[in-house]
Structures are given as structure tokens and as C-alpha cells.
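Asks: structure for the following, please:
(chains A and B)
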2 protein chains.
Amino acid sequence: MTKKTFPLSDVYRLLEPGPVVMVTTSHKDKPNIMTMSWQTMMEFVPPLVGCVISGRNFSFEALTKTKECVLNIPSAELAKQMVGVGNCSGSKVDKFKKFKLTALPASLVAAPLIAECFANLECKVVDTRMVNKYNFFVLEVIKAWIDPAQKNPRTLHSQGKGQFMVAGETIKLPSKMA
Amino acid sequence: MTKKTFPLSDVYRLLEPGPVVMVTTSHKDKPNIMTMSWQTMMEFVPPLVGCVISGRNFSFEALTKTKECVLNIPSAELAKQMVGVGNCSGSKVDKFKKFKLTALPASLVAAPLIAECFANLECKVVDTRMVNKYNFFVLEVIKAWIDPAQKNPRTLHSQGKGQFMVAGETIKLPSKMA
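Replies: So this is what the prediction gives:
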């Protein structure tokens, strides 16, 4: 599996449509994964991402302590693993093993890339002032990877209560919008 | 066009998949609309939404001064109007008139609902501490409406550079995820 570097200035194009992401962390040499849907772009360059990671998640402590994570974007083929990852806790399970996901070393952070995801964004926490009140972290994407073997990946979009929308057709409309 | 009230506790199901939204404001008796894609849920109940509205947008001042807006969610049938709204400024154009969109009075805020959108979320700004640095507003949804006549609306999802993904099929997978 060969990952290709992806321009930081185009990262917004991956996250703006609102895909479910799988967040990896590594704390005390223990890699973990959680599933997340509450994130938004906040700036183009450097790419900033705001996201809510609840204190009820095992990943919360890892993120707070290490200030690093990777946002991995799964395509529809990974739907079952994505949901499985969201339905158990890293405090009890090695999720890489349980869901047969491959951890690849990242280049700038200790948290691993999930090889099977079509995009991987290495991030550092850059602002924690809204963590106490909202569990809201501001991340800076410092390195981005894409899997060139996965053409036109169809992303997953959470609709709550176990329902997910799979990305449909793409349309082009002249737009100045971000 | 009869709107039906929608439970606040289910608002996350509308915004979590990452649809493009049309933000309406009303300032100095002038209603306006902008198109937005940088938003995330931050809390279930009361529903909190974080969003980035740049100071370059005419709506920024309206939102800052009135602390009120409506998030209107368009379906794919409104793609052209949605992009048109994003490509001009309310400082020069009456967008309701130009794009033949219908302003309906909201119940709790001065900003209007867009009748043609399938969902409308009346919001108050509740936290501005990240506005200076990131143009990031925290909104509370205080009233939500849905158009019962629009069955299974297909949302639009921005991918940058004039490209939009249209919501595809829906799958069900047992999930404890938000």
C-alpha cells in the first residue's frame, strides 16, 4: 500500500463534505481508533479543523496528553469496520487487531495512519480553549496522504441512529464558494 | 408551504452528514442569505452548532450585530440557487428577489426562513470567544422546522472548486455513534 503526499491547501476538499472520519491516537505506546462525525474545516492554509471529541471517549485522554492524532477517511467499503470501531472502547479492545486494520507509521506524529483509508491527515492540537466547555479541539493538519489506488472513493456520512448516507453523484457548478 | 416543527433533539441528524446550508440573517430590516459549508454539531441538547463565517461575508456584520440567524438546508433541486447565493454579495443584491426564494417569518428570530429549503433551524449566537481568531461562532438551535412535503431530500455537499456531491443511498448499520 503506497500512500502519496497530498497538498495541504486541498485538504478542505476532503473534509468539507462532512465524511465520517476515523481518528487514530497513540498514547503510552498504545495505538487506538475512534469514529467521529462532528468536525469542520476552520481555515484553508494552514488547514485547521475543529472537532468535538467527548471526554467519554478513550481517545480523549490520548489526544489531550499527546496533542497529536491522525484523521483517516474511510470509503463505503469500510462501513462495517467504521461502525465497529465506534461501538467499542479502546480501553478494552485492540481495535486494529479486532477489525483487521493496518497501522502504518505517520511521518510527523506518533499516531498511526490506517492503511485501508483513502486519506490520512496528520494533525497537531493547536487550540484547546474550548475543550473544557465543549470538548472542542482545534487541529492543524501538518501532513496529508492519499491512496492513489482508491479512485473516486465514496465517503460515508452519519445521519444518526445507525443510519449512514453514502456519497452519490458529483455535480459541477461554477462556484466561488469554499 | 406548511412547515412542521421538528424535535430539537433530532437536529444533529440533519447537520451531521455535512450538508451545504444557506444562512439567513436580517439586519436593519434587510434580509440576506449566504452559503456555508464549514459547520459542525457541538452538542445534542440543546443543539449547538459551530460554524465559520468569514469577515469577508456581508452576513458577518449582521450575525455579529443581531446575534441571530437561520440555517436553511437545501436539497439538490436548489443547487443552482445555492451556488448563485454563494457567488454574489448581499451588499449589492437582494438575493431573495434575484434567486426567487421565498422568505417566511421565523418564530423566534428576525431572520427569515427560506420556504424552499426542506429544513430550517432558528439560531441564536451563544459563544463568540473564537470569532476574533477564527471567525468561529457557536450557535444554539432554538426552533427547528421541516417541510413534510419534501420526502427524502438529497442534500448537497461541497467539495471545493465548484464541485458538489449529491447525497446517495442510505445504509443502516447498528451503531452507538452520534
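Asks: do you know the pLDDT at A:S91?
Replies: In this prediction, A:S91 carries a pLDDT score of 89.
Asks: per-residue pLDDT, A:T2?
Replies: 87.
Asks: now swap in the one 3 residues further on and tell me
Replies: A:T5 is assigned a predicted lDDT (pLDDT) of 97.
Asks: what's near enough to touch it?
Replies: A:T5 is in contact with A:K143, A:A144, A:W145, A:I146, counting by Cβ atoms under 8 Å, 6 or more residues apart in numbering or on different chains. Every residue, glycine included, has its C-beta placed from N, CA and C.
Asks: dump those to JSON lines, plus secondary structure, distance to A:P153 and pLDDT.
Replies: Below are these laid out as JSON lines (DSSP: H, G, I helix; E, B strand; the rest coil; distance: Cβ to Cβ, whole Å; pLDDT from 0 to 100):
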{"residue": "A:K143", "secondary structure": "strand", "distance to A:P153": "19", "pLDDT": "98"}
{"residue": "A:A144", "secondary structure": "strand", "distance to A:P153": "15", "pLDDT": "98"}
{"residue": "A:W145", "secondary structure": "strand", "distance to A:P153": "13", "pLDDT": "98"}
{"residue": "A:I146", "secondary structure": "strand", "distance to A:P153": "9", "pLDDT": "98"}
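Asks: who's A:L48 bridged to?
Replies: Counting by DSSP bridges, A:L48 forms beta bridges with A:E43, A:E140.
Asks: which residue would you name as the spatial centre of chain A?
Replies: A:L71 (2.3 Å; Cα atoms, centre = their mean).
Asks: quick one: it from A:M41, how far?
Replies: 11 Å (Cβ to Cβ, to the nearest Å).
Asks: overlap in contacts, these two.
Replies: Contacts common to A:L71 and A:M41, judged by Cβ under 8 Å, 6+ apart, are A:L15, A:V49.
Asks: which stretches in chain A count as strands?
Replies: Using DSSP state E, the strands of chain A run over A:4-5, A:21-27, A:30-36, A:39-43, A:48-52, A:68-73, A:103-104, A:113-114, A:119-127, A:136-146, A:156-158, A:163-172.
Asks: so which of those strands comes closest to B:G162?
Replies: strand A:163-172 (5.6 Å; Cβ to Cβ).
Asks: now do the closest one: distance to the chain's middle.
Replies: 19 Å (Cα atoms, centre = their mean, to the nearest Å).
Asks: ditto for stretch A:119-128
Replies: 9 Å.
Asks: buried residues in it, which are they?
Replies: Of the residues in stretch A:119-128, A:A119, A:N120, A:L121, A:E122, A:C123, A:K124, A:V125, A:D127 count as buried by neighbour count, 16 or more other Cβ atoms under 10 Å in any protein chain shown.
Asks: now those residues as TSV including distance to A:T155 and pLDDT?
Replies: Converted to TSV, these look like this (distance: Cβ to Cβ, whole Å; pLDDT from 0 to 100):
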residue	distance to A:T155	pLDDT
A:A119	9	98
A:N120	14	98
A:L121	14	98
A:E122	19	98
A:C123	18	98
A:K124	24	98
A:V125	24	98
A:D127	26	98
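Asks: how about the contacts made by whatever residue of chain A ends up closest to chain B?
Replies: Across chain A, the shortest distance to chain B (Cβ to the nearest Cβ) belongs to A:G18, at 1.2 Å. Listed by Cβ under 8 Å, 6+ apart, the contact set of A:G18 reads A:S37, A:H157, B:E16, B:P17, B:G18, B:P19, B:H157.
Asks: how many other residues sit next to the residue nearest to A:V11 when sequence neighbours are not counted?
Replies: Closest residue in space to A:V11, ignoring its immediate chain neighbours: A:P47 at 4.0 Å, by Cβ to Cβ, 6 or more residues apart in numbering or on different chains. Neighbour count of A:P47, defined by other Cβ atoms under 10 Å in any protein chain shown: 23.
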